[in-house]
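**Q** Let me see the structure of the following:
(2 chains)
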Amino acid sequence: MAADYSASDFRKGLRVEADGIPYVISEFNFVKPGKGAAIYTCRLKSLIDGNTYVKNFRSNDTLKRPDLEERTMRFSHKEGDEDFIFMDENFEQFTLSGKVLGDNQYFLFEDCEVRVLYHNNRPVDVNLPTFIEKEILETEPGARGNTATNTLKAAKINGGFEIQVPLFINQGDTIKIDTRTGEYADRVLKK
Amino acid sequence: MEVETPVRLPTPALELHIDAEPSGASFLRTSPELHMKRLLAAGCSKIFQIGPCFRQGERGDRHNPEYTMLEWYRTNSDYTAIMADTESLLTHLALLLGRPGLGDGGGPPPWPRLRIEELFLHHAGWNPVESYDAERFEHDLIHKVEPALPRATPVFVMDYPAAAAALSRRKPGRERVAERFELYIGGIEIANAFSELIDPAEQRGRFETWARERQAAGAPVYPLDEAFLAALELGMPPSGGIALGIDRLLMVLLGATSLDAVMAFREWGD
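**A** Here you go, the predicted structure:
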């Protein structure tokens, strides 16, 4: 295992581990009052849930070097209620649970490429393409001619996942979803 | 008189919180201070130098591990004369740049001289000269005192606790206070100055204290600069001196908030 990071190694973008959680240093500031001791102010952003907090470090402080690995793989199929099966380019098979995938499980489609971050060989974060397309399986008919985008209604995609869409979206339409926010982004016009 | 002193040294200036960059078996200078004082002891009376200095691990918006320092010294003088020098030099520079003055709104000299004791009593509620606590002092300096400093004009923050004297002499008649000042422009520290400590025994004692504290903190300990101490033994006249960060001065003169604005090469790789 490589040595820990000392405070003088800290910089923006560095991935570190604190209290067993992998973080990225998202903001970094070095302060040193004249003739005084250095203070390293870091905003730590969790690589798991994205939460951030600010912490001050002194020269002698250290942070662990996290054991992180990113794998790119493609969605194959679902087995049972909870197991999502992926293949990497060497056809090695990986299973991710619905719990790890969160809402992303509803945005997957066959052959969808995902980047999975493993911490200590445990999958902790899954990134999908920013925009994916899904068909609306169920929604109330919208008011004819209403093209306003600021009034929303509920619609269901596969798996019964509910998403808020503008009133003009109809059952059978295809929409674009931003996987970072899980929100409606655009309507995909039929060719 | 402009002088040049070595950049690569066998014994970098020993200070509590400054780490030198190794260069072979030697070190790159963290400041030209000790060599310039040897020139004062050898008979030079008014000297200046502009050149590169190196400090290991100092990297941030307002720090770079390699930067340019201006230092000047005057014999038969003290830190009050250096304040007047600083006012003349910076006012001249501001004029050359077509600016009416420095800080937010100008502010012709004399600039305010604010004693650290009063600043702390007013903004932090305690007196670090009477009872010093390094960690508390530095914390409150950054979070309470510096943010409260006037912005409209440069200010001199002066008369530090003796425990934070660095290489300055203690005030004759009030030994708890060190004759040291820092120049702040727009709340940013630009220069550090002393009535220089010229007592060889006290200087050796301070070096030895810092060496012990550095060792206890796990920091590298550099050998004492015996040539400098020998020069003090021979006799150095009472002097004032200052170290001014040229890059930071340019930064504040341009109204920038990061050295990125004034240094072309700021790579993070080591």
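
**Q** all contacts plus neighbour counts: C-alpha atoms, from now on.
**A** OK.

**Q** So for stretch A:107-118, mean pLDDT?
**A** The pLDDT scores in stretch A:107-118 average 94.

**Q** distance between the ends of it?
**A** 20 Å (Cα to Cα, to the nearest Å).

**Q** for stretch A:65-84, same thing?
**A** For stretch A:65-84, the end-to-end distance is 30 Å (Cα to Cα).

**Q** again, but for stretch A:96-112
**A** Using Cα to Cα, the two ends of stretch A:96-112 sit 14 Å apart.

**Q** and that stretch, which residues are buried?
**A** For stretch A:96-112, the neighbour count (16 or more other Cα atoms under 10 Å in any protein chain shown) marks A:96, A:98, A:100-101, A:104-108 as buried.

**Q** what ranges of chain A fall below the confidence cut-off?
**A** A:1-2, A:143-149, A:191 (pLDDT under 70).

**Q** try 80 this time
**A** For chain A, the stretches with pLDDT under 80 are A:1-2, A:142-150, A:190-191.

**Q** try the stretch 151-270 of chain B
**A** Checking the stretch 151-270 of chain B against pLDDT under 80 turns up B:267-270.

**Q** Quick one: name the residues of it near chain A.
**A** Applying Cα under 8 Å from any Cα of the partner chain, we find that the stretch 151-270 of chain B lies next to chain A at B:164, B:166, B:182, B:189, B:192, B:217.

**Q** Show me which of these is closest to A:Tyr184.
**A** B:Glu189 (49.5 Å; Cα to Cα).

**Q** which strand residues sit across from residue 183 in the sheet?
**A** Here I'm looking at chain A. A:Asp178 (DSSP bridges).

**Q** my question was about chain B
**A** B:Phe156, B:Ala191.

**Q** likewise A:Asn127?
**A** A:Arg115.

**Q** Then A:Asp83?
**A** Residues in beta-bridge contact with A:Asp83 (DSSP bridges): A:Glu79, A:Ser97.

**Q** For it, grab the count of nearby residues.
**A** 15 (other Cα atoms under 10 Å in any protein chain shown).

**Q** correct me, but it touches A:Gly98?
**A** Yes. Applying Cα atoms under 8 Å, one finds A:Asp83 in contact with A:Gly98, separated by 6.6 Å.

**Q** Return the residues of chain A in contact with chain B.
**A** A:8, A:28-31, A:33-38, A:60.

**Q** switch to 6 Å and redo it
**A** A:8, A:29-30, A:37 (Cα under 6 Å from any Cα of the partner chain).

**Q** Of those - the most surrounded one?
**A** That'd be A:Phe30 among these, by other Cα under 10 Å, with 22 neighbours.

**Q** would you list every one of the helices in the chain?
**A** Just going to use chain A. Ranges of helices in chain A, per DSSP state H, are A:98-101, A:104-107.

**Q** that's the wrong chain, I wanted chain B
**A** B:33-41, B:79-96, B:116-123, B:134-140, B:200-216, B:226-234, B:246-253.

**Q** Same list (the ones you listed) but as JSON lines, adding mean neighbour count and distance to B:Pro65.
**A** Formatted as JSON lines, the helices of chain B follow (neighbours: other Cα atoms under 10 Å in any protein chain shown; distance: least, Cα to Cα, whole Å):
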{"stretch": "helix B:33-41", "mean neighbour count": "21", "distance to B:Pro65": "18"}
{"stretch": "helix B:79-96", "mean neighbour count": "16", "distance to B:Pro65": "25"}
{"stretch": "helix B:116-123", "mean neighbour count": "17", "distance to B:Pro65": "28"}
{"stretch": "helix B:134-140", "mean neighbour count": "16", "distance to B:Pro65": "21"}
{"stretch": "helix B:200-216", "mean neighbour count": "16", "distance to B:Pro65": "20"}
{"stretch": "helix B:226-234", "mean neighbour count": "16", "distance to B:Pro65": "25"}
{"stretch": "helix B:246-253", "mean neighbour count": "21", "distance to B:Pro65": "12"}
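
**Q** for these, which one sits closest to B:Asp159?
**A** Comparing those by Cα to Cα, helix B:116-123 comes nearest, at 6.0 Å.

**Q** by contact count, what packs against that closest one?
**A** strand B:155-161 (3 or more Cα pairs under 6 Å, 6 or more residues apart in numbering or on different chains; DSSP states H and E).

**Q** hang on, the earlier thing: can you tell me which of the residues of chain A next to chain B are in strands?
**A** A:29-30 (DSSP state E).

**Q** quick one: which two of the residues of chain A next to chain B are the most distant?
**A** Going by Cα to Cα, the pair spanning these furthest: A:Asn29 and A:Ala37, at 14.0 Å.

**Q** I'd like the distance from the residue nearest to A:Thr41 when sequence neighbours are not counted to A:Asn29, if you could.
**A** Closest residue to A:Thr41 apart from its sequence neighbours, by Cα to Cα, 6 or more residues apart in numbering or on different chains: A:Asn56 at 4.5 Å. Distance, A:Asn56 to A:Asn29, using Cα to Cα: 9 Å.

**Q** Could you do A:Phe131 as well?
**A** Taking Cα to Cα, one finds A:Phe131 at 34 Å from A:Asn29.

**Q** Check A:Asp186 too.
**A** 39 Å.

**Q** Could you do B:Ile190 as well?
**A** Taken as Cα to Cα, the span from B:Ile190 to A:Asn29 is 18 Å.

**Q** pLDDT score assigned to B:Ile50?
**A** For B:Ile50, pLDDT reads 98.

**Q** and it, what are its bridge partners?
**A** Applying DSSP bridges, one finds that B:Ile50 bridges with B:Leu70.

**Q** neighbours around it, how many?
**A** Neighbour tally, B:Ile50, other Cα under 10 Å: 18.

**Q** Quick check, pLDDT for the residue nearest to B:Asn64 when sequence neighbours are not counted.
**A** Of all residues beyond its chain neighbours, the one nearest B:Asn64 is B:Glu58 (5.7 Å), with distances taken as Cα to Cα, 6+ apart. pLDDT recorded at B:Glu58 is 90.

**Q** where's B:Glu58 relative to A:Ser6, distance?
**A** 13 Å.

**Q** and if you look at A:Pro33?
**A** From A:Pro33 to A:Ser6 the distance is 20 Å (Cα to Cα).

**Q** related to what we said a few turns ago, what about the helices of chain B, which gets the closest to A:Glu17?
**A** helix B:134-140 (25.9 Å).

**Q** could I have the closest one exported to CSV, CA atoms only?
**A** Output in CSV follows, covering the C-alpha atoms of helix B:134-140 (Å, rounded to 0.1, in the frame of the first residue of the first chain):
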residue,chain,number,x,y,z
ALA,B,134,1.0,30.5,18.9
GLU,B,135,-1.9,28.5,17.5
ARG,B,136,-4.5,30.9,18.9
PHE,B,137,-2.5,33.9,17.7
GLU,B,138,-2.2,32.6,14.1
HIS,B,139,-5.9,31.6,14.1
ASP,B,140,-7.2,34.9,15.3
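
**Q** outside of it, which residues touch it?
**A** In this structure, no residues lie in contact with helix B:134-140 by Cα atoms under 6 Å, 6 or more residues apart in numbering or on different chains.

**Q** same question, stretch A:184-191
**A** A:174-178.
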